[in-house]
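K.L.:
Provide a 3D model corresponding to the input given below.
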Amino acid sequence: MHRTFSKFAIVGAAFAVIIGITVLITGQPASKLTVQPASQHRVGIVDDWSFHHLVFSNSGTYEQVAKDPAAYAKWLTIRYDTRFIMQQMKRHPEDAVSPSGMVEREDLVIGGLRQLPGEAMFRLRPKPRPIPRPQKGLNGLWSEGILTGTVQPSTYPAKYGAIPTLPSCYDYVVYPTGTAGSSTAASIVAYWYIYSACIARGAFPSVLWAYDTGGTVSTSPIISLDGSQAAFIQVSGTTASLVLLKPFFTIQGNASDGSTDLAITSGTVTSTQAGEGLQISGPQLAPGTLIMGLSADGVTLSQGAQGATSSQTYVITVPGTVSVPGVVTSTPYSVSNSAYYGCTVPCMTTLAFSNSNNDTYSAPFYDYNDDILYVGDDSGNLHQFTGVFNGTPAETVTTGPNAWPVTLNASYKATSPVYDPVSGYVFVGNTDAVLYAVGTGTGTPTTTSGKINAYSASLGDVIIDGPMVDPSAGTVYVFVTTNTDTSSPSNAVFQFSTSFSGSGTSYGNGSGDYGTEIGTGGTGFYLYAGAFDNAYLVSTPSSPSGNLWVAGNTGTAGGATLYQVPIVSNAMQSPVTAVTGLSTTDYAYPTPLTEFCNNGTTGCSVAGGTDYLFFSVYGSTLSANSTNCGASGLLGCVLGYNITTTTPSLAGVLPIKAVPTSLGTGCWATGGIVIDNAYSAAEYGSSQVYFIDLGGNEAGGPTSGTYTSSKCATGSGNTIYAAQASQSKLQ
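P.N.:
Numbers count the residues shown, from 1 in each chain. Here you go, the predicted model:
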């Protein structure tokens, strides 16, 4: 099912770099294909849930730290961190690549990129290839029906951008379906051709791949740095597993444009070959060629574009669909952990949690620099997996003082962890509202002897979302649904130093033992993570000043509020009520907040760029196109605020439809929001946001009948949607 949000003027050009695509196409059976593993020489832009929880404020310059060995060591650690590089490339595209189109040599030795030989680096800024102007009346925004799934309100899609500074028709977004995989249901799906300019080359958007991986995925997926692999947690029954998936190839070599008409030998594919491949004979495909329509039985391959080249092999997709997925759960596609690194794509491997526990709330956090992944489970354990994308994947299982998995509190569920490369701790909360720091504090965590909890007692009732960590400022922020203030139980934000040590010590957070209170809390009315603004991120190194924005007052019907929490010299201040009336008479169920400063290709600075804040609420009084988002038939709104100044203004409102057409008892309208880029030229249809539209379905999973909140347990059986909307206007 396809739904359209609004009309959008479309003019187009596309960029012919294919960073991640699937299978070689041949006229012979796919099982006989000879294929090559994905190249390791690609750099794109990744955005997933973790980039909103490990956020770097201004780390300063070399000149500012050079004379202080400790400060210099910290500065190097930050500069070598892959997420730091991705953040800078996204917020400052003018500095992301050199005029030659290659990542600067100094950045190739930073973080996860340090393993890539610079001389073999693929050119990331090719000569643009024009696309014909598309038909008038087509829309630049989209909403694609997935399945009748159930996901968490903090579930983000994962976005991969092929070119660091520009939108590309080969960018793609991965969405979990929240449905148990089967022959008629994909558990995970990726869309490409996501920009309106790409309409001239095929469907907009199109399924890049869709697979049944043998379980239910209801938390956030992640993508490898080169875009060739995906990882996610799936549950079968009540046992969680880490799944590693290679759904596609990356291109090899270089090519020059040609003018010879393309000739393709005809062949047919069937739905049983979804996710597999066929080889194209004749001249090689020109950059930008796409062959569409391969998901139905008996479809004949046909020419998708003109032009040829003799020096490069390109690959295209037999994508499958969410209802006719590719299958990677059987031989030869499902491989052992030891065989995964060199497996023939498409292929996958699974690593069941060593203790066979379930996982409801915890999304995987990947350490790009060390190829290590962390995730929690429902019995209060933190797991560590090594060799994830670039080695032999395995879970770390030890005993004694270095025991993994690490048991936090077996009576409560662990939520999403965040690894801080500077302090060396993994910070993770449990649903007992205790913040834990796991590790020695000297580097990659290898022991539990340094395991610390922030307070001798719980901070309140529940920590449902991952903490926010700023390694530059040395701070960690945690969001508690209801604090321990018995006279006024409140949503609260706590701020701690990332260097705290000693069990049972109460650490100063600038706001007293109750944290910074941001409205009334309440059981089941969960508080999710906020977001720093651009003023904070670009302010004085190591002592930032700006604002943390949080949607609080979650336990008051009709009282949801957007709060501005000032941070002065790295210390939280009393909150300021920025926007009230985010909901009508209903509870708002706000999602996590996403911030992005967009100044086009010139990048953001203290004075430059529009700073946006995005999140969704249930049943809002705010209007879009004169439609009240709390009206009958509408579930709520995705809101976009301009927070360039301390007085936020509503930049756009996107109504989310509900099924059935009554509001009922309420639920979250969407999951978390990720960003594509800052390239705001309207003709490309870029500068968008991406999220899962719950469409009136309850939030929860992965186990059937398990809801995020007992207050939100209605609306089963509705279709959820993979959605795109405009940064500047939303509708």
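K.L.:
Helix, strand or coil: sort out residue 83 for me.
P.N.:
Following DSSP: H, G, I helix; E, B strand; the rest coil, the label given to residue 83 is helix.
K.L.:
Which residues are in contact with it?
P.N.:
50-51, 54, 56, 111, 368 (CB atoms under 8 Å, 6 or more residues apart in numbering). (Each C-beta comes from the backbone N, C-alpha and C, glycine too.)
K.L.:
swap in residue 422?
P.N.:
If you count contacts by CB under 8 Å, 6+ apart, then residue 422 has 74, 77-78, 471-472, 474, 498 around it.
K.L.:
Mark which of those residues are part of strands, please.
P.N.:
Using DSSP state E, no member of the contacts of residue 422 falls in strands.
K.L.:
can you give me the helices for the stretch 101-250 of the chain?
P.N.:
With helices called from DSSP state H, counting those that start in this stretch, the stretch 101-250 of the chain shows them at 105-108.
K.L.:
okay, who's weakest in the contacts of residue 83 by pLDDT?
P.N.:
In terms of pLDDT, residue 111 ranks lowest among the contacts of residue 83, with 33.
K.L.:
Residue 597 bridge partners, please.
P.N.:
Using DSSP bridges, the bridge partners assigned to residue 597 are residue 611.
K.L.:
how many neighbours does the nearest residue to residue 675 once chain neighbours are set aside have?
P.N.:
Distances taken as CB to CB, 6 or more residues apart in numbering place residue 596 nearest to residue 675, at 4.6 Å, with adjacent residues excluded. With neighbours defined by other CB atoms under 10 Å, the count for residue 596 comes to 26.
K.L.:
what's across from residue 615 in the sheet?
P.N.:
Counting by DSSP bridges, the residues bridging with residue 615 are residue 639.
K.L.:
returning to that earlier point: closest one to residue 198 out of the contacts of residue 83, please.
P.N.:
Out of these, the one with the shortest distance to residue 198 is residue 51. That distance is 24.2 Å, counting by CB to CB.
K.L.:
Confirm the closest one sits in a strand?
P.N.:
No - following the definition three-state DSSP, residue 51 is helix and is not counted among the residues of a strand.
K.L.:
surely it meets residue 86?
P.N.:
Yes - the pair residue 51 / residue 86 is scored as a contact, 6.7 Å apart, by CB atoms under 8 Å.
K.L.:
Might one say that the residue nearest to residue 675 is in contact with residue 609?
P.N.:
No - between residue 596 and residue 609 there is no contact under CB under 8 Å: 9.4 Å.
K.L.:
distance of the spatially closest residue to residue 526 that is not a sequence neighbour from residue 154?
P.N.:
Leaving aside its chain neighbours, residue 526 sits nearest to residue 464 (4.4 Å; criterion: CB to CB, 6+ apart). Computed with CB to CB, to the nearest Å, the distance linking residue 464 and residue 154 is 7 Å.
K.L.:
Please identify every residue contacting each of the two.
P.N.:
Shared contacts of residue 464 and residue 154, defined by CB under 8 Å, 6+ apart, comprise 361, 528.
K.L.:
Just the helices from the stretch 401-550 of the chain, written as ranges.
P.N.:
With DSSP H, counting those that start in this stretch, the ranges of helices along the stretch 401-550 of the chain come out as 534-537.
K.L.:
show me what contacts the residue nearest to residue 675?
P.N.:
For residue 596, the contacting residues are 90, 611-612, 614, 675, 678, 727, by CB under 8 Å, 6+ apart.
K.L.:
which among those residues gets closest to residue 148?
P.N.:
Nearest to residue 148 among the contacts of residue 596: residue 614, at 25.7 Å, using CB to CB.
K.L.:
and the closest one, how many neighbours does it have?
P.N.:
When neighbours are counted by other CB under 10 Å, residue 614 registers 28.
K.L.:
Test my guess that it contacts residue 637.
P.N.:
No - no contact is recorded between residue 614 and residue 637 when judged using CB under 8 Å, the distance being 11.0 Å.
K.L.:
Not counting residues beside it along the chain, what's closest to residue 147?
P.N.:
Of all residues not flanking residue 147 in the chain, residue 179 sits nearest, at 4.3 Å (CB to CB, 6+ apart).
K.L.:
what is residue 725 paired to in the beta sheet?
P.N.:
Per DSSP bridges, the residues bridged to residue 725 are residue 689.
K.L.:
Just give the number of residues close to residue 720.
P.N.:
Using other CB under 10 Å, residue 720 has 26 other residues around it.
K.L.:
Same check on residue 569?
P.N.:
When neighbours are counted by other CB under 10 Å, residue 569 comes out with 12.
K.L.:
List the contacts of the closest residue to it other than its chain neighbours.
P.N.:
Counting by CB to CB, 6+ apart, residue 543 is the residue found nearest to residue 569 once chain neighbours are left out, at 4.9 Å. Applying CB under 8 Å, 6+ apart to residue 543 gives the contacts 473, 569-570.
K.L.:
One more: residue 484?
P.N.:
Residues in contact with residue 484, defined by CB under 8 Å, 6+ apart, are 457-460, 513-514.
K.L.:
Filter those down to just the buried residues.
P.N.:
458-460, 514 (16 or more other CB atoms under 10 Å).
K.L.:
neighbours around residue 391, how many?
P.N.:
Residue 391 has 12 neighbouring residues, counting by other CB under 10 Å.
K.L.:
whoops, I mixed them up, residue 717
P.N.:
Burial of residue 717, expressed as a neighbour count using other CB under 10 Å, amounts to 10.
K.L.:
same question, residue 729
P.N.:
18.
K.L.:
Residue 583 versus that one, what's the distance?
P.N.:
Between residue 729 and residue 583 the distance, using CB to CB, works out to 22 Å.
K.L.:
picking up where we left off before, what about the residue nearest to residue 147, distance to residue 707?
P.N.:
Residue 179 sits 16 Å away from residue 707, going by CB to CB.
K.L.:
Of these two, give the one with the bigger neighbour count.
P.N.:
residue 179 (24 against 19).
K.L.:
Point out where the stretch 151-300 of the chain drops to low pLDDT.
P.N.:
In the predicted model of the stretch 151-300 of the chain, residues 165, 199-203, 248-300 satisfy pLDDT under 70.
K.L.:
Would you map the strands across it?
P.N.:
Under the criterion DSSP state E, counting those that start in this stretch, the stretch 151-300 of the chain contains strands at 158-161, 172-176, 188-192, 206-212, 222-223, 230-236, 239-246, 268-269, 284-285, 299-300.
K.L.:
do you know which of those strands lies nearest residue 331?
P.N.:
Shortest distance between residue 331 and the strands of the stretch 151-300 of the chain, using CB to CB, is found for strand 206-212: 14.7 Å.
K.L.:
Next, the angle from the closest one to strand 188-192.
P.N.:
Relative orientation of strand 206-212 and strand 188-192, computed by axes from the mean of the first three to the mean of the last three CA atoms, to 10 degrees: 170 degrees.
K.L.:
Show me what strand 206-212 is packed against.
P.N.:
Under the contact definition 3 or more CB pairs under 8 Å, 6 or more residues apart in numbering; DSSP states H and E, strand 206-212 sits against strand 188-192, strand 326-327.
K.L.:
looking at those, which is buried most?
P.N.:
Ranked by average neighbour count under the criterion mean count of other CB atoms under 10 Å, the helices and strands packed on strand 206-212 are headed by strand 188-192 at a mean of 27.
K.L.:
which residues sit against that one?
P.N.:
In contact with strand 188-192 (CB under 8 Å, 6+ apart) are residues 144, 146, 169-177, 181, 205-211, 213, 217, 221, 230, 232, 245, 247, 322, 325, 722.
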